[in-house]
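Student: Just to be clear, the model below is a prediction. Sequence and coordinates:
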Amino acid sequence: MNAVFQEPDRQAYEQRREWKRQEKEDHFRLAAKMLDFIGVVLGVISILVLLALLFSLLSWLGQDIAGTFSILRTRFQ
């Protein structure tokens, strides 16, 4: 008779254990998605910063080339 009462308890225990395992898995999945999102945001910010640096470099290079040619032009006149 003792075995009859233990079976529902065992099933309830297994069900609670499965729920806890699923809950942990859901927390890890959420944490992984949050880290993926943060990684994408940081990647986009890094790309924008690098593009700003590249355009700044190209602007400086254009001004430097123009200044160099203006100096050369005045020396040869």
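Tutor: Structure received. Residues are numbered from 1 along each chain as shown.
Student: Could you use CA atoms for every contact and neighbour count after this?
Tutor: Will do.
Student: quick one: what helix or strand has I45 in it?
Tutor: Element membership for I45 (DSSP states H and E) is helix 2-75.
Student: elements contacting that helix?
Tutor: The contact analysis (3 or more CA pairs under 8 Å, 6 or more residues apart in numbering; DSSP states H and E) places helix 2-75 against no helix or strand.
Student: for that helix, what is the average pLDDT?
Tutor: What helix 2-75 shows for mean pLDDT is 90.
Student: just how off-centre is that helix within its chain?
Tutor: Chain-centre distance of helix 2-75: 1 Å, with CA atoms, centre = their mean, to the nearest Å.
Student: So what's the residue count around S59?
Tutor: 11 (other CA atoms under 10 Å).
Student: can you check D36 too?
Tutor: D36 has 12 nearby residues by other CA under 10 Å.
Student: for it, what are its contacts?
Tutor: Contact analysis of D36 by CA atoms under 8 Å, 6 or more residues apart in numbering lists nothing.
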